[in-house]
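Need the 3D shape of this:
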Amino acid sequence: MSRLLTDSVAIDRRHFFSRSTAGLGLAALASLLGDQTIAADQDKPSGGLPGLPHFAPKAKRVIYLFQSGAPSQMDLFDYKPALNDLRGTELPDSIRRGQRLTGMTSRQVSFPIAPSKFKFKQHGQSGAWISELLPHTAKVVDHLAFIKTMHTEAINHDPAITFFQSGHQLAGRPSMGSWLSYGLGSAAENLPAFVAMVSGSGGQPLYDRLWGAGFLATRYAGVKFRSVGDPVLFLSNPAGLDAVARRRMLDDLAKLNQQRLKTQGDPEIATRIAQYEMAFRMQTSVPELIDTSKEPKHVFDLYGPDANRPGTFAANCLLARRLAQRGVRFIELFHRGWDQHTTLPEKIATQCRDTDQASAALIQDLQRLGMLDDTLVIWGGEFGRTVYCQGRLTRDDYGRDHHPRCFTLWMAGGGVKPGTSYGRTDEFCYNITENPVHVHDLHATMLHLLGIDHKRLTFKFQGRYYRLTDVHGSVIKDVLA
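So this is what the prediction gives:
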């Protein structure tokens, strides 16, 4: 029944326009404009599919802190002290099990074990082991649920990042934020349902398709906020055009688009009408959003000295909290620079300085505002790093290659059981020994916390029903509060 329901909605939105008059385009626009009281109430989202959420949600929104490039789990979270006695020895074949290698280490004849050079301590009542690189995260461990047995099939960055964003290694499918926008609609009156921001330098390129709508209508795509110039391209009025003239122009343009919709029946025209209207609203809402001058000093002190610098991870974390307050459904912060094949100790220390305080501050700030309980925060990259050294191993220096078999990710708030650690890896941090968690399982769990049965959120495209979790995925019940 749910599949039929979802399919019928797909027909309504993507095909029924082709059989209808311009009035339906007006209905789409009316849906966007909606009743302002309802749109501002996050318990009564506008748009979305009938019947969703499927059950009472624990989380109303998601803030995903995606660490692009793959942080080294054994230098941050997965403590393996026994490796110190094996420094420089060969990784046993019985552990590597013929794993395929990337082009960076496929020609190595030696795979020496490289223990972490960083010290670990236990923190909080949960006793979580945390690296000295993350002193601020160490203060909030009792809010976190660590998943130490994430795994994926992808061994190279682009397919692995694409997999995390869309549930598929090849480009073309909707991103997870787009699925949420499509299924649950918007809870924000004057802002998009899905916002993406990028910080960090170097590392892997991040393409717009990572927050794209794939085969869903483009209205469900994420909107990228920039740190230079207008936060959103073309948001400002052109020189010589005031708000009154802009309003008249949009009204006239809407009439032309309605005529086009009537003759062409293309649902993307209705999307265009809605997007123009949202852009007009954002001319007021976005400048207010990014103006953090009224934030108290203690908030900036909490997020750290970079919180006043637009485009930094810290500044984006503060904006993420402000977006969450205003009802944005899915907020994703991409931070680049974790791809540390060489000189890892130096590079990872820099990355942690850039991200540690702000990540912890976001948890503390949400809790301070009473928002942590219904905000799901996720931190992690696309895969992990190898225990063996890439390149030359010295006492103080080493590199690590890509490792998809096991890595660590943490979740907080939004119905997650705090102060927990789920799953175990072997003594080499190379293979999973208990409770594996696949990317599809993570997606299923995220949707579950938002009140969605991942098997029932589907969209029919080219004769097949698609979903974020494809034909896989199980909810990780042991991490639910």
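
Can you tell me how far Arg329 is from Thr445?
17 Å (CB to CB, to the nearest Å). For the C-beta atoms, the positions are set from N, CA and C on the backbone; glycine is no exception.

And for Thr420?
In this view, Thr420 and Thr445 are 13 Å apart by CB to CB.

Which one's more surrounded, those two?
Higher neighbour count among Thr420 and Thr445: Thr445, with 25 against 19, using other CB atoms under 10 Å.

Can you give me every residue that contacts the most centrally placed residue in the chain?
Geometric centre of the chain, nearest residue: Tyr64, 3.5 Å, by CA atoms, centre = their mean. Contacts for Tyr64 (CB atoms under 8 Å, 6 or more residues apart in numbering) come out as Met176, Phe330, Ile331, Glu332, Leu333, Val377, Ile378.

Okay, and it sits in which element?
If you go by DSSP states H and E, Tyr64 is part of strand 61-67.

For Ala239, grab the count of nearby residues.
Ala239 is flanked by 5 other residues according to other CB under 10 Å.

Excluding chain neighbours, what is closest to Arg395?
Spatial nearest neighbour of Arg395, chain neighbours left out: Lys117 (7.9 Å); criterion: CB to CB, 6 or more residues apart in numbering.

err, Lys80, not the other one
Per CB to CB, 6+ apart, closest to Lys80 is Cys429, 5.1 Å.

Where does Gln259 fall, secondary structure wise?
Per DSSP H and E, Gln259 falls inside helix 243-264.

if we can go back for a sec, shared neighbours of Thr420 and Thr445, anything?
The contact sets of Thr420 and Thr445 overlap at Val479 (CB under 8 Å, 6+ apart).

dump the residue contacts of the residue nearest to Tyr207 when sequence neighbours are not counted.
Leaving aside its sequence neighbours, Tyr207 sits nearest to Ala171 (CB to CB, 6+ apart; 7.8 Å). If you count contacts by CB under 8 Å, 6+ apart, Ala171 has them with Thr162, Tyr207, Arg209.

Verify the stated contact: Phe194 with Val223.
Yes - using CB atoms under 8 Å, Phe194 is in contact with Val223, at 6.9 Å.

Give me the more crowded residue out of the two.
Phe194 (27 against 22).

Look up how far Gln122 lies from the more buried one.
With distances taken as CB to CB, Phe194 is found 38 Å from Gln122.

cool, and Thr433?
Thr433 is 21 Å from Gln122, by CB to CB.

go on, Gln275?
Separation of Gln275 from Gln122 (CB to CB): 50 Å.

ok, those two, which is more surrounded?
Applying other CB under 10 Å to Gln275 and Gln122 shows that Gln275 carries more neighbours, namely 17 against 12.

tell me which element the more buried one falls in.
Assessed by DSSP H and E, Gln275 sits inside helix 267-290.

Okay, angle between that helix and helix 243-264 too, please.
Here helix 267-290 runs at an angle of 160 degrees relative to helix 243-264 (axes from the mean of the first three to the mean of the last three CA atoms, to 10 degrees).

Helix 267-290: what's the following helix or strand?
Next along the chain after helix 267-290, taking DSSP H and E as the criterion, comes helix 297-303.

Name the residues of that following helix that are buried.
For helix 297-303, a neighbour-count test (16 or more other CB atoms under 10 Å) marks Val299, Phe300, Leu302, Tyr303 as buried.

Can you tell me the closest non-neighbouring residue to Gly413?
Leu372 (4.1 Å).

and Val387, that one's in a strand?
Yes - according to DSSP: H, G, I helix; E, B strand; the rest coil, Val387 belongs to a strand.

Tell me how many other residues surround it.
30.

on that earlier part again, tell me which element the residue nearest to Tyr207 falls in.
Counting by DSSP H and E, Ala171 is part of no helix or strand.

Distance of it relative to Phe428?
Note on Ala171: its distance to Phe428, by CB to CB, is 34 Å.

quick one, what contacts Cys320?
For residue 320 the amino acid is Ala, not Cys. Taking CB under 8 Å, 6+ apart, we find Ala320 in contact with Ile63, Met197, Ile331, Leu333, Leu362.

My error: substitute Gln351 in the last question.
When contacts are counted by CB under 8 Å, 6+ apart, Gln351 touches Gln67, Pro71, Gly200, His335, Gly337, Trp338.

And stretch 136-145, what's buried?
Residues of stretch 136-145 classed as buried: His136, Thr137, Ala138, Lys139, Val140, Val141, His143, Leu144, Ala145 (neighbour count, 16+ other CB under 10 Å).

any idea of the mean pLDDT for it?
The pLDDT scores in stretch 136-145 average 98.

now swap in stretch 264-284 and tell me
Regarding stretch 264-284, the rounded mean pLDDT is 72.

Identify the spatial nearest neighbour of Thr355, chain neighbours not counted.
Leaving out its chain neighbours, the residue that sits closest to Thr355 by CB to CB, 6+ apart is Phe313, at 5.2 Å.

count of neighbours near that neighbour?
By the criterion of other CB under 10 Å, Phe313 has 30 neighbours.

repeat for Arg107
The local packing of Arg107 (other CB under 10 Å) involves 7 other residues.

Just put the contacts of Tyr64 in CSV and tack on pLDDT, distance to Leu184 and neighbour count.
Output for those, formatted as CSV (pLDDT from 0 to 100; distance: CB to CB, whole Å; neighbours: other CB atoms under 10 Å):
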residue, pLDDT, distance to Leu184, neighbour count
Met176, 98, 12, 25
Phe330, 98, 9, 27
Ile331, 98, 14, 27
Glu332, 98, 16, 25
Leu333, 98, 20, 26
Val377, 98, 18, 27
Ile378, 99, 17, 21
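
which of those lies closest to Leu83?
Ile378 (27.8 Å; CB to CB).

Show me the shaky parts of this structure.
Counting by pLDDT under 70, the ranges of the chain that qualify are 1-46, 229, 233-235, 237, 274, 276-277, 279-280.
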